[in-house]
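J.: quick one, fold the following:
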Amino acid sequence: MATDPGSHGNDTVRPASVSLLVNIDVPDLAAAERFYCAALGLVAARRIGPAAVELLGGSAPIYLLETAPDSPAVRGTMLRRSFERHWTPLHLDVVTDDIDAAVARAVAAGATLEAPISTSAWGRLAPLSDPFGNGFCFVQFLGRGYDALVTG
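T.: Below is the predicted model:
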């Protein structure tokens, strides 16, 4: 699904100096595995104990972590986990060459398309949420990608 990381128009991409992985808390590990494999074309690589699975097929591994609703989100705080739709300043953008097909596949797997696909100078964007309340977007770069917005 993902295109070449340099396809967004940035010709100055340097080798990564950090290694990223993605952890997603979910209330039902089996349902989340089915969703993310169907929606994003990922493959379950290994189980890490009874409450975690590693998914591969993207540019970074994704770890689904089964956690109980209303359990403490961060030790020492009053924050509790909620799997209702919620906003967070950090979310995933999944780059695709065919946003229409990606959205159709994700919606068929159980995602919710939260607004119509929009088009701008850099490309197309589709905001979605998974069945567990986590937001993510599909991004399809067009033309020069983000370079179309560079002013200096």
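J.: and Leu40, what is it in contact with?
T.: By CB atoms under 8 Å, 6 or more residues apart in numbering, the residues touching Leu40 are 1, 57-58, 94, 106. All C-beta atoms are positioned from the backbone trio N, CA, C, and that covers glycine.
J.: which one is the residue nearest in space to the middle of the chain nearest to, not counting chain neighbours?
T.: In the chain, the C-alpha nearest the mean C-alpha coordinate belongs to Leu92, at 3.6 Å (CA atoms, centre = their mean). Leaving aside its sequence neighbours, Leu92 sits nearest to Phe136 (CB to CB, 6 or more residues apart in numbering; 4.3 Å).
J.: just to revisit the earlier point, pLDDT wise, what is the residue nearest to the centre of the chain at?
T.: Per-residue pLDDT puts Leu92 at 91.
J.: now do the contacts for it.
T.: Residues counted as contacts of Leu92 (CB under 8 Å, 6+ apart) are 22, 136-137.
J.: of those residues, select the buried ones using a PyMOL command.
T.: Buried residues within those, by 16 or more other CB atoms under 10 Å, are selected in PyMOL with:
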select buried, resi 136+137
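J.: quick one on the thing from earlier: and the contacts of Leu40, which are buried?
T.: 1, 57-58, 94, 106.
J.: secondary structure element for Glu46?
T.: Let me fix one detail, which is that residue 46 is Arg and not Glu. Following DSSP states H and E, one finds Arg46 within strand 43-47.
J.: next SSE downstream of that strand?
T.: strand 52-56.
J.: which strands and helices sit next to that following strand?
T.: helix 29-40, strand 43-47, strand 62-66 (3 or more CB pairs under 8 Å, 6 or more residues apart in numbering; DSSP states H and E).
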